[in-house]
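S.K.: output the structure for:
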Amino acid sequence: MLPATFLPDTPPESVRLEIAVMTPVSGKRDDLTSHDDALVSRGVYGPGQLIYTSSHLLCSPVTGKINDCDVLSYSFVVTSKKGLKIRVCYGSDMTRYMGEKCEFLKRANDDVTAGDPVLQLNTAWLRQQQVTPVCIVSVMNASALKALQPARTSQVTAPHDILFTAYA
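M.R.: Residues are numbered from 1 along each chain as shown. Below you'll find the model as predicted:
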């Protein structure tokens, strides 16, 4: 498994596969290591990036199939057509809210295109609950990857910008 910090400035020299992972929500991009949850910052859920946002809509970061929609954790998992399994999660420790103000626009086994809206949130209500407006995007099956290369800019716009590129 790649550590959460395995984010080189340049792509590896020899790669057989390159997958662009699009930004699922607009905001300020940061490394997972800056997250206050130790499981996230150490890359337990896989390497990736996080985005500080106030947007209410989370989109699919890749073209593929929705594997799971978890209303209790405000998250979904999508597998790209090239086999990359991505988890997109809003907030931290969200189970205490019991899926309140969380509406899925897609379901498990639905086909999606990168940029398709998947999850809609009531961000005003979440702010009232003092939920940190952060979206965590991680690669769940990173064992075959050589590297993840993050976007060059700190501000990213969904669904047009690449959040990171995965190399295998």
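
S.K.: neighbours of the closest residue to residue 141 other than its chain neighbours, just the number please.
M.R.: In space, and not counting its chain neighbours, residue 141 is closest to residue 85: 4.4 Å by Cβ to Cβ, 6 or more residues apart in numbering. Heads up, the C-betas are built off the backbone N, CA and C, glycines and all. Number of residues near residue 85 (other Cβ atoms under 10 Å) recorded here: 18.

S.K.: quick check, pLDDT for residue 85.
M.R.: According to the prediction, residue 85 has pLDDT 97.

S.K.: would you indicate which residues of stretch 145-157 are buried?
M.R.: Judged by neighbour count (16 or more other Cβ atoms under 10 Å), stretch 145-157 contains these buried residues: 145-151, 156.

S.K.: what do you get for stretch 28-43?
M.R.: Judged by neighbour count using 16+ other Cβ under 10 Å, the buried positions of stretch 28-43 are 29, 32, 35, 40-41, 43.

S.K.: return the distance of it from the chain's centre.
M.R.: Here stretch 28-43 shows a centroid-to-chain-centroid distance of 12 Å under the convention Cα atoms, centre = their mean, to the nearest Å.

S.K.: could you pull out the strands for this protein?
M.R.: Secondary structure of the chain by DSSP state E: the strands cover 18-22, 27-31, 48-52, 57-59, 64-70, 75-80, 85-90, 102-104, 111-112, 117-121, 134-139, 147-150, 155-156, 162-167.

S.K.: neighbouring contacts of the longest helix seen in the chain?
M.R.: For the chain, the helix reaching the highest residue count under DSSP state H is reported as helix 123-128. Residues external to helix 123-128 that are found in contact with it (Cβ atoms under 8 Å, 6 or more residues apart in numbering): 54-56, 91, 100-101, 133.

S.K.: residues of that helix that come out buried?
M.R.: Counting neighbours by 16+ other Cβ under 10 Å, one finds that the buried residues in helix 123-128 are 123, 126.

S.K.: and that helix, what's its mean pLDDT?
M.R.: Mean pLDDT, helix 123-128: 92.

S.K.: start the count at 59, not 1, going forward
M.R.: Shifting the count to begin at 59 puts that one at helix 181-186.

S.K.: out of everything not next to it in sequence, what's closest to the residue most central in space within the chain?
M.R.: In the chain, the residue lying closest to the centroid (Cα atoms, centre = their mean) is residue 195, at 1.9 Å. Sequence neighbours aside, residue 106 is the residue nearest to residue 195 in space, at 4.8 Å (criterion: Cβ to Cβ, 6+ apart).

S.K.: wait, the residue nearest to the centre of the chain touches residue 82, no?
M.R.: Yes - the pair residue 195 / residue 82 is scored as a contact, 6.2 Å apart, by Cβ atoms under 8 Å.
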